Each structure stands twice: as C-alpha cells, then as structure tokens.
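Undergrad: structure for this input, please:
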Amino acid sequence: MKKMFYAIYALMFNIFRFFPIKKNKISFLSPHNESFNDSLGAVLNEVIMRDEFRVCKISCKDLEINKSSPLALIKSLLKAFSFFTVKAYHLATSHFVFMNDNFMPMAKLNFKKDAVITQLWHAEGAFKRFGLHIEQPEEIRNLEIKGNSKLTYVVCSSEGVADIYAGAFGVPIEKVLPLGAPRVDEFFKKVNVERLRSEFDREYPECKGKKLILYAPTFRDDRDDDAKLLDSIDINAFNERFGDEYRLLVRLHPQVRTSSADLTGATDVGDYKKLNNLIRLADVMITDYSSICMDFAFLEKPIYFYAFDLEKYTDDRAFYEDYESYVPGPVARDFQTLLNLINTNVAQSYAHRMSEFKFYNFGSPDGNAAKRVVDIIVNSYR
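TA: Got it, this is the predicted structure:
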C-alpha cells in the first residue's frame, strides 16, 4: 500500500513539475505532525507575518479518512484527493520547501534545480540517534538517502550538533546551518503565566492550589511495551508522598494513548492543546527518553529521568552519548527510587550539567531563530 502511495504521489508531482516555479510560493511539509507546533510551525508563522509569500500547508491530516457520517466521509475523501493533486501541484511549483521529517515519496520527486528544500527536523539537539544513524531495513534506508539527496539545507539548533545532523541526513557539513531552534523562540515571548495557570485550573480544577509535576514518557517500538507503560508507575504511592503539595499530570505520546488508560488520581493532559504552555506551567518534569526533556532543559527546570527499561530501550534505540552521564537530571531505575529523588529535590544539584546540556544542544539562543532562517534561506534567493 505504501509503495503504491509513493508511486501515485510521485507521478502527480512529476506531472505538475512541468508548471513554472512561483518565486513567492513556500510549501510547509509536515508528514507526521499535523499541528505544526514545532520549528516548522515557527518558520511558517514568521513567513505569514511578513505577508510577502503565498503559503501552502501539507500534512498527514490531509489523508485522514473520517467515517463518522456520509458527509464527513465525502469531505475527507476530497481532502485526500487534494493531497495528491492540489497539494502536489503546490509542492512542485514552490520556490521554497520547508519540512520537519522524512517524507518517503521525496526519493521519487524530481524537483526543479531552482527549488530550495530545507529540513528543519522536529526535535532539537542530539539525544536519541535518528536518521541514517539508526538501523533500518535496506529499502527504507535507500528511500531516505535518495530523499535527503534533494535537500539544499539542514537547519540544526547549535554548532555543537552540526556534525551529527550532517551524518544523520547524509549531507555535507556545508549544507548544515546551525541557525538555532525556531521552535523555542516562543519561550522568549512575554506570557502572563498567572493567567495561563488560572485558565488551566478552570479546565482541571483538581490542580488548583498545587504545584504541577508532568510525567511525559515517550513511546516504545514494541506495542506490548507501550500497553504496559503505565504499569511502571504507582499513582497512589505518588499521591501518598506528594499529594498535598503536587498534582501529577500525565501526557502520553499520541502513539501510546488509549481511551482505556487508567489515570485515576492523576490528571490526563493529553488533550491540552498548547504543549509549550504546559511546559511553562509545570514545575517539575518526569520523563524517560523523550526529547521533551529539551524544552525543560532550555527553561532550566528540574527534570527526573525514570528509565526503568533502559537496557531494553537502548537495544532498540541507541543514544549519541551515555544516557546516565548525559541527561541533565538524576536517573531512577525503579519507582520507589524516583519518589525518593523527588522528595530530596536532588534535581536542583544538576544545575551545572543542565547548563552544559543546554549550551551543547542550543548554543546561545536569542529568540530570533525563525527570523534568521527566513532571512538567510529565503531572502538570499530573492
């Protein structure tokens, strides 16, 4: 099915390739993240704010089939048809293309030589291995290599990780631009945190008057491990120790979330729309191997790493550095130890490692990364 999808998309794209490029058209391609809440979305907002370009958004949402009613089904089918036609036309005739993930049909797309294609990626820094640095079936690797060969630039969050990004995408280091992470520009904006908290408490009244600890684990490659993820935490034990002071928030990865998850005694914030606001509001984070730790490290907030299955996870997905000596916070291998670490506030003693981690992954951020991306990549070709 996927091969047929790739072939149909490539056929339509290569037909539309015969139309001329529109110099002021920019396509934003998000193969997986339909909400555009990462660096791709930040650059999109910067482009829209300048009001000089025609913008086309392309995402996986275009392919969702809604069977809730006959009308919804027809609308979703028309939207999917548009993905292969209208959206393919816009991609083929865009002067600039920004993307945030691998798009496998890229291997078969013959872009015009004037097209400027930039990979922004959906994560910051270097934590888990990705791209060509992970083991893949030969067919997938070949598609990825061919797709990456079309890239004009790869943007990364700091000079420290530029070599890693060059290797992960298989491009010369000259194509890697350490312009900063546009996604974190938002953290430089002034926000009324008190008002945010008040709105949050209205939505989740059980949190009122309490500090917030956010538990945000990543998904596992094994679906059975995902299904057992919540078995590794004891919400009752947490509340016995910290219930008077803290409320435990749980945000499972979209690939893990199920309607049957039992979060009694905790607050499920999986549907809370603005992740950046949630990160602003949370006082403490518990995570495992999720790149969400980058955001908390950027804000220099305490992080506890709960790595109960570290050996198995490392076998499935290796890290760039030794996990326990690299992460900017204490590591617990069982839940009781995690509670003890939180009780002693030991994460506060990791300030130096946090500072090193932040500099390595973000350099010297100034809140203008999205502006730099547009100025350097777009304006230099106009």
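Undergrad: from here on, contacts and neighbour counts on C-alpha atoms
TA: Noted.
Undergrad: show me the strands in the protein, by range?
TA: Listed in chain order, the strands found in the chain under DSSP state E are 22-30, 54-59, 94-99, 116-119, 153-155, 176-177, 211-215, 246-250, 267-268, 284-287, 303-306, 331-332.
Undergrad: in CSV: the ones you listed, plus distance to N239, mean pLDDT and mean neighbour count.
TA: Compiled in CSV, these are given as follows (distance: least, Cα to Cα, whole Å; pLDDT from 0 to 100; neighbours: other Cα atoms under 10 Å):
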stretch, distance to N239, mean pLDDT, mean neighbour count
strand 22-30, 39, 96, 21
strand 54-59, 40, 95, 18
strand 94-99, 42, 98, 25
strand 116-119, 43, 98, 22
strand 153-155, 43, 98, 24
strand 176-177, 46, 98, 22
strand 211-215, 11, 97, 21
strand 246-250, 8, 97, 22
strand 267-268, 12, 95, 18
strand 284-287, 15, 97, 22
strand 303-306, 17, 97, 26
strand 331-332, 18, 97, 21
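Undergrad: out of these, flag the one nearest K79.
TA: strand 54-59 (11.0 Å; Cα to Cα).
Undergrad: list the contacts of that closest one.
TA: 24-34, 48, 83, 87, 90-91 (Cα atoms under 8 Å, 6 or more residues apart in numbering).
Undergrad: do stretch 304-322 as well
TA: Contacts for stretch 304-322 (Cα under 8 Å, 6+ apart): 126-129, 134, 220-221, 232, 284-289, 327, 329-335, 338, 342, 347.
Undergrad: spatially nearest residue to K108, not counting backbone neighbours?
TA: In this structure, K108 finds its nearest non-sequential neighbour in A10, 5.7 Å apart by Cα to Cα, 6 or more residues apart in numbering.
Undergrad: mind pulling the model confidence for that neighbour?
TA: Confidence at A10, expressed as pLDDT, is 93.
Undergrad: list the contacts for it?
TA: A10 makes contacts with 105-106, 108-109, as judged by Cα under 8 Å, 6+ apart.
Undergrad: of the strands of the chain, which is nearest R183?
TA: Nearest to R183 among those is strand 153-155 (11.9 Å), distances taken as Cα to Cα.
Undergrad: and the closest one, which strands flank it?
TA: Each strand paired with strand 153-155, and its direction, by DSSP bridges: strand 116-119 (parallel), strand 176-177 (parallel).
Undergrad: same list (the ones you listed) but as JSON lines, adding distance to K67.
TA: JSON lines is the format used below for the strands paired with strand 153-155 (distance: least, Cα to Cα, whole Å):
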{"stretch": "strand 116-119", "distance to K67": "34"}
{"stretch": "strand 176-177", "distance to K67": "43"}
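Undergrad: which among the ones you listed is found nearest to R202?
TA: Here strand 116-119 is closest among those (Cα to Cα), at 38.9 Å.
Undergrad: return the distance of the closest one from the chain's centre.
TA: 18 Å (Cα atoms, centre = their mean, to the nearest Å).
Undergrad: can you show me the CA trace of that strand as PDB?
TA: Extracted in PDB, the C-alpha atoms of strand 116-119 (Å, rounded to 0.1, in the frame of the first residue of the first chain):
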ATOM      1  CA  VAL A 116      15.300  25.300  -2.200                       C
ATOM      2  CA  ILE A 117      14.500  22.500   0.100                       C
ATOM      3  CA  THR A 118      15.200  22.800   3.800                       C
ATOM      4  CA  GLN A 119      14.900  20.100   6.500                       C
END
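Undergrad: which residues are contacting it?
TA: 95-101, 150-155.
Undergrad: 6 Å - rerun?
TA: Strand 116-119 has contacts (Cα atoms under 6 Å, 6 or more residues apart in numbering) with 96-100, 151-154.
Undergrad: still on that earlier bit, distance to Y313 added to the strands of the chain, as a markdown table?
TA: Below are the strands of the chain laid out as a markdown table (distance: least, Cα to Cα, whole Å):
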| stretch | distance to Y313 |
| --- | --- |
| strand 22-30 | 27 |
| strand 54-59 | 29 |
| strand 94-99 | 28 |
| strand 116-119 | 27 |
| strand 153-155 | 28 |
| strand 176-177 | 29 |
| strand 211-215 | 18 |
| strand 246-250 | 21 |
| strand 267-268 | 25 |
| strand 284-287 | 14 |
| strand 303-306 | 12 |
| strand 331-332 | 15 |
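Undergrad: closest to I164 out of those strands?
TA: Closest approach to I164 among the strands of the chain is made by strand 176-177 (9.8 Å; Cα to Cα).
Undergrad: residues near the residue lying closest to K371 once chain neighbours are set aside, how many?
TA: Nearest non-adjacent residue to K371, counting by Cα to Cα, 6+ apart: E46, 6.6 Å away. By the criterion of other Cα atoms under 10 Å, E46 has 18 neighbours.
Undergrad: separation between E46 and N37?
TA: According to Cα to Cα, to the nearest Å, E46 and N37 sit 13 Å apart.
Undergrad: how about E139?
TA: 30 Å.
Undergrad: more neighbours, these two?
TA: N37 (15 against 8).
Undergrad: which pLDDT value goes with that one?
TA: pLDDT, N37: 85.
Undergrad: nearest residue to it in space, please, no chain neighbours.
TA: Excluding its sequence neighbours, the residue lying closest to N37 (Cα to Cα, 6+ apart) is R183, at 7.6 Å.
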